[in-house]
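Asks: Sequence below, structure please.
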Amino acid sequence: MSLLACGLLAALLCWSWFHWLPLEPVLGLLALSNLSLAQENRLLRRQLAAATGAGSEPPPGR
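Replies: The predicted structure is shown next:
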């Protein structure tokens, strides 16, 4: 997924370089997407911690 996101970002930046697309709306959408992914990641980590019953971080080897 992140490889696809990097590819799309590179394509959009190249496209905006030629002024076919304003850059600000694109970066705003990417920032919102990144924010929602970070929130989802935090939620999944909380759910995993609750499901395993662990109140602390996993051991360093894992």
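
Asks: Can you list the helices and strands that the strand or helix carrying Leu44 packs against?
Replies: Per DSSP states H and E: Leu44 is located in helix 23-52. Counting contacts by 3 or more Cβ pairs under 8 Å, 6 or more residues apart in numbering; DSSP states H and E, helix 23-52 packs against helix 2-17. C-beta: built from backbone N, CA, C; applies to glycine.

Asks: Now the helix it packs on: average pLDDT?
Replies: Averaged across helix 2-17, the pLDDT comes to 80.

Asks: How far away from the center of its chain is that helix?
Replies: Chain-centre distance of helix 2-17: 14 Å, with Cα atoms, centre = their mean, to the nearest Å.

Asks: Packing partners of it?
Replies: Helices and strands touching helix 2-17, by 3+ Cβ pairs under 8 Å, 6+ apart, are helix 23-52.

Asks: Any buried residues in the helix it packs on, and which?
Replies: Neighbour counts over helix 23-52 (16 or more other Cβ atoms under 10 Å) mark Val26 as buried.

Asks: what angle separates it from helix 2-17?
Replies: 170 degrees (axes from the mean of the first three to the mean of the last three Cα atoms, to 10 degrees).

Asks: From the chain's centroid, how far away is helix 23-52?
Replies: Put simply, helix 23-52 sits 6 Å off its chain's centre (Cα atoms, centre = their mean).

Asks: Relative to Leu32, how far out is Ala11?
Replies: According to Cβ to Cβ, to the nearest Å, Ala11 stands 19 Å off from Leu32.

Asks: typo on my end, Ala38
Replies: As for Ala38, its distance to Leu32 is 11 Å (criterion: Cβ to Cβ).

Asks: Also Leu9?
Replies: 14 Å.
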